[in-house]
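Peer 1: Pasting a predicted model and its sequence here:
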Amino acid sequence: MEIDLKNLTPDIRKLNDIKIVLYNQEWLKTMPKEYPDFDLYYMYRGLEEKNGIRYDITVIPPAMLGLEFVKTKGHCHIGAYQEIYIVLEGEAIYLMSRYAGQKGIILDVYAVKARKGDIIIIPSYYGHVTINPSETEELKMANWISSQCKSDYSLYEKMQGACYYYLKTGWTKNNNYKSVPELRFEEPLKSLPEDLSFLK
C-alpha cells in the first residue's frame, strides 16, 4: 500500500519521551542542561481502517543513543491482541518478550531481523521493541493492528527497557530483570497472511 506521508502530521516520539528505557543512562547525564530534546521517530496512525483493523506507518531515522541503536519505547498489548509489521524501507530488529506479570521475570525472548518486504507477527502476550540497527539507513515500517488494542508501557518504564539492549558491540542483558532466558532468533515471514481477522 503506497501512502504519501509528506502532507500528514505524525505523532512524534522524542528523546525525553523514551530516556527512561535507554541503556546508557550515564550518557544522558553527561549532556549539558541546554541539550535540546530531539525527534527520534514518527508515527502516522490510522492511515486506513478495514473491518476494525487499523493501518499505521512508523519512520525511525538512524541514530545512536550513546552506545545503543535507536529504538521504540517498547510496550505490551492490553489483552490477547496480535499485530503484524511489514518493513517498507531499511532494516529492523523486532525484540519480543513473554512476561510473567510485573516482577521482571521473562518466560521467553526472541529477536527477528527483517529487511524490506519481510513480515513479522507479534504473538499474543509478547511485549515488543523495534530497533533500527543502522547508523545510516532510515527504517520505515507499517503495521496492522486491531483498532481496539491499547498499549501498556509501564513494565518497560519500570525495568528501564526490554530484557536485552542492542548496542554497537551486540546484545547485552538488562540486569534489572530477575530472570532472562538466552536470546533466540526467528526468521521473518515472506508474505502477508490473506486473512487478517485473527488480529481482532
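Peer 2: Received the coordinates, thanks.

Peer 1: Can you tell me which helix or strand of this structure has the lowest average pLDDT?
Peer 2: Taking mean pLDDT, DSSP states H and E as the measure, the chain has helix 25-29 as its least confident helix or strand, at a mean of 88.

Peer 1: Identify the residue spatially nearest to residue 176, adjacent ones excluded.
Peer 2: With sequence-adjacent residues excluded and distances taken as C-beta to C-beta, 6 or more residues apart in numbering, residue 176 is closest to residue 159, at 4.7 Å. (C-beta placed from N, C-alpha, C; glycine too.)

Peer 1: and that neighbour, how many neighbours does it have?
Peer 2: Neighbour count for residue 159, taken as other C-beta atoms under 10 Å: 22.

Peer 1: thinking again about what came up before, just how off-centre is the least confident helix or strand of the chain within its chain?
Peer 2: Counting by C-alpha atoms, centre = their mean, to the nearest Å, helix 25-29 is centred 22 Å from the centre of its parent chain.

Peer 1: Following the chain past that helix, name the next helix or strand.
Peer 2: Past helix 25-29, further along toward the C-terminus, the next helix or strand under DSSP states H and E is strand 39-50.

Peer 1: before we move on, back to that, now do the contacts for the residue nearest to residue 176.
Peer 2: When contacts are counted by C-beta atoms under 8 Å, 6 or more residues apart in numbering, residue 159 is found next to 104, 174, 176, 177.

Peer 1: Now the buried members of these.
Peer 2: Buried members of the contacts of residue 159, counted by 16 or more other C-beta atoms under 10 Å: 104, 174, 177.

Peer 1: From those residues, pick the one nearest residue 90.
Peer 2: Using C-beta to C-beta, residue 174 is the member of the buried ones among the contacts of residue 159 that lies nearest residue 90, at 25.0 Å.

Peer 1: quick one, phi psi at that closest one?
Peer 2: phi -90, psi 110 (degrees, to the nearest 10).

Peer 1: any idea how far it is from residue 1?
Peer 2: 35 Å (C-beta to C-beta, to the nearest Å).

Peer 1: What of residue 31?
Peer 2: With distances defined as C-beta to C-beta, the gap from residue 31 to residue 1 amounts to 39 Å.

Peer 1: Nice, that's everything, thank you.
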